[in-house]
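K.L.:
when you get a sec, could you give me coordinates for this:
(2 chains)
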Amino acid sequence: MLLAPPGAKRQPPAPSAGEMQRRSLPIFQARGPLLSQLRSLDSAILIGETGSGKTTQIPQYLYEAGIGRQGIIAVTQPRRVAAISLATRVSDEKKTELGKLVGYTVRFEDFTSEETRIKFLTDGMLLREAIGDPLLRKYSVVILDEAHERTIHTDVLFGVVKAALKKRKDLGKFPLKVVIMSATMDVDQFSQYFNRAPVLYLEGRQHPIQIFYTKQPQSDYLQAALVSVFQIHQEAPSSQDILVFLTGQEEIEAMTKTCRDIAKHLPDGCPQMVVMPLYASLPYTQQLRVFQAAPKGYRKVILSTNIAETSITIAGIKYVVDTGMVKAKKFSPESGLEVLAVQRVSKAQAWQRTGRAGREDSGICYRLYTEDEFEKFDKMTIPEIQRCNLASVMLQLLALRIPNVLTFDFMSKPSPDAIQAAIEQLDLLGAVDRKEDQVTLTPLGRKMAAFPLEPKFSKTILMSPKFHCTEEILTIVSLLSVDSILYNPPSRRDEVQSVRKKFISSEGDHLTLLNIYRAFKNVSGNKEWCRENFVNNRNMMLVLDVRAQLRDICLKLSLPIESSRSDTGNIRRCLAHSLFMNTAELQPDGTYATVDSHQLVAIHPSSVLFHCKPACVMYNELLHTNKCYMRDLCVVDADWLYDAAPDYFRRKLRAAKN
DNA sequence: CTCTCCCT
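P.N.:
Okay, here's the model as predicted:
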């Protein structure tokens, strides 16, 4: 043997069992090429299916190879639970305590320290950090994972990291490296966008899944799903569970009932069946039931929305039944309306659903559409950034000091109409100045950007000291910025109504919610009270966290925090300052029309004002489903609206005269 | 006479 070169280290100890396990992953093959690429280049695209181990291994490879030791390696995730569980797993693999070398940051939870070098965080969290530091100077490497999901935050981050990378290169210090990790989609688009970054492909470890299409197109996907479930049920061993993808709560509850009824009258020798609904607004304890194994001799049938596509993973699913339908939001910039409609899934989404059958073993997927129909599905789901109101995004870009937000380098550009509509909304709220195609943030706008909220909510908070009702506005905004705290099981409607009566305010939903919050605080957040009053305890706990965070921001901005106590007029006057563009008037024929565009709208049946006919209302949002519904309403005096935004209403009056 | 889903 040759002499070791000077300074060479001694032979490293033999790899441990855990280390051998890590080396056996298929991704280990990609280690060399990836590291040499990232030593010489700024960015790389990594394509690999779930199960390739890329998310847990790549950050460790980079760290172990000493790439980016001078800073932190960030790994973003679209979901909180993913960020938390990945950090836990990687810190276990490194045999370190969570929060030391490996940590995570999500809203309300920060498990990092001075020592942290690998940090998992939600994409929304990194975006928020970027407002304080657009160059992301803490980070040496940013890994954007699950990029194919194209969440609105990931899409904005694409532009933010691309700009930061260039700027840091131009400055000639702390180079930033960017890794985009995605499933097998969008590859060319990613590479093009990141200056023709090289693409590495990784092998996955999926189990084989057999796919069956229907021979004929199905006119009734619910009927088809029902037939499929019971066909599988009569043929397959009872230990094999079924996951059915449907579109919404109502549909799922109805189907659950039908399945249970049919299951009662099955022929002898047929296994028993447990049917479980699954959707986001279901109380947490009921969601947890889908993880429990069914008793022996029983088959588990889960009827789910797209929550089971990515957010919730259930073990032991052998069969997936895909109706090919999904309920999703579309944005029409012309009308400025968000439309929630049942529509076809994309091919990418269909593959995601199919994959849910092969997580531990081979699986079977029944697609309730023909192969020809499938071929006509869109390749990808339209990125969220092209389907949403952009007011928040534009405010964030302005806060990031992007030179010209109107020409921001999006990977998939939203329509100019959507961008204009967002700027218009910010202008009405007083957040921006517009001069010859230049949009800049006002001091008010900069304060608004400090809140993790929709601009109209931040505006209300900032106006509240003037009305001496900041305590109440903080509560109302918190209640409105989480999923509904009200649990409305359709089968117990009468019970819900009678129990809720005591909280109802004739002034509308905002004050009704405030009453419920106050009652909840009076019993110190009692769980039993929540159950009895059909209040979603988990969401209510979230409200407390949100409120505390918003209150902190108010204190940092030195806002005086007062309570209006029983004066509800002041609260509504304050709300008018941010909802004045969302108002509707009662017409002689008993319908409502918006003041802004004379759109025909209706009061949503979930509103406490549903059976009332106030002359003038303001609402939080319009949602187009069967009808165009106003959600979360508040009774308002026309005079207050005029006081809140005189210019706006003067313009409206002038437009009406012409 | 009713609300896919995630996130700061």
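K.L.:
going forward, measure contacts between C-alpha atoms and count neighbours the same way
P.N.:
Will do.
K.L.:
quick one: contacts for residue A:306?
P.N.:
Going by Cα atoms under 8 Å, 6 or more residues apart in numbering, residue A:306 touches A:245, A:246, A:247, A:326.
K.L.:
okay but residue A:430 is in contact with residue A:447, surely?
P.N.:
No - with contact defined as Cα atoms under 8 Å, residue A:430 does not reach residue A:447; the gap is 11.2 Å.
K.L.:
about what we covered before: could I get the contacts of residue A:306 as TSV with secondary structure and pLDDT?
P.N.:
TSV is the format used below for the contacts of residue A:306 (DSSP: H, G, I helix; E, B strand; the rest coil; pLDDT from 0 to 100):
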residue	secondary structure	pLDDT
A:245	strand	98
A:246	coil	97
A:247	coil	97
A:326	strand	96
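K.L.:
and those residues near DNA strand B, which?
P.N.:
When contact is defined as Cα under 7 Å from any atom of the strand, the contacts of residue A:306 meet DNA strand B at A:247, A:326.
K.L.:
and the contacts of residue A:306, which is closest to residue A:631?
P.N.:
Nearest to residue A:631, judged by Cα to Cα, of these is residue A:247 at 20.6 Å.
K.L.:
what's the neighbour count on the closest one?
P.N.:
Neighbour count of residue A:247, defined by other Cα atoms under 10 Å: 21.
K.L.:
where does the stretch 251-400 of chain A have low pLDDT?
P.N.:
A:333-336 (pLDDT under 70).
K.L.:
near DNA strand B, which residues of it are found?
P.N.:
A:279, A:280, A:281, A:305, A:306, A:307, A:311, A:326, A:327, A:328, A:329, A:340.
K.L.:
can you verify my assumption that the second one contacts residue A:304?
P.N.:
No - Residue A:280 is beyond contact range of residue A:304, at 9.4 Å (criterion: Cα under 8 Å).
K.L.:
neighbour-wise, which of these two wins?
P.N.:
residue A:304 (23 against 17).
K.L.:
buried residues in whichever helix or strand residue A:421 is part of, which are they?
P.N.:
Assigned by DSSP states H and E, residue A:421 belongs to helix A:416-428. Of the residues in helix A:416-428, A:418, A:419, A:420, A:421, A:422, A:423, A:424, A:425, A:426, A:427, A:428 count as buried by neighbour count, 16 or more other Cα atoms under 10 Å.
K.L.:
the third one and DNA strand B, how far apart?
P.N.:
Translated: residue A:420. As judged by Cα to the nearest atom of the strand, to the nearest Å, residue A:420 and DNA strand B stand 21 Å apart.
K.L.:
now residue A:266
P.N.:
Applying Cα to the nearest atom of the strand to residue A:266 and DNA strand B gives a distance of 30 Å.
K.L.:
residues near that residue, how many?
P.N.:
When neighbours are counted by other Cα under 10 Å, residue A:266 comes out with 14.
K.L.:
please report phi then psi for it.
P.N.:
The phi/psi pair for residue A:266 (degrees, to the nearest 10) reads phi -90, psi 150.
K.L.:
how close does it get to residue A:273?
P.N.:
Separation of residue A:266 from residue A:273 (Cα to Cα, to the nearest Å): 10 Å.
K.L.:
next: residue A:510.
P.N.:
From residue A:510 across to residue A:273, the span is 42 Å (Cα to Cα).
K.L.:
dump the residue contacts of the residue of the stretch 451-600 of chain A found nearest DNA strand B.
P.N.:
Evaluated by Cα to the nearest atom of the strand, the stretch 451-600 of chain A has residue A:452 as its residue closest to DNA strand B, separated by 3.4 Å. Listed by Cα under 8 Å, 6+ apart, the contact set of residue A:452 is empty.
K.L.:
helix or strand for it, which one?
P.N.:
For residue A:452, there is no host helix or strand (DSSP H and E).
K.L.:
ditto for the one 4 residues further on
P.N.:
Under DSSP H and E, the secondary-structure element containing residue A:456 is helix A:455-463.
K.L.:
can you name the element that comes right after that helix?
P.N.:
That would be, after helix A:455-463 and using DSSP H and E, helix A:470-480.
K.L.:
which of the residues of the stretch 251-400 of chain A next to DNA strand B fall within helices?
P.N.:
residue A:307 (DSSP state H).
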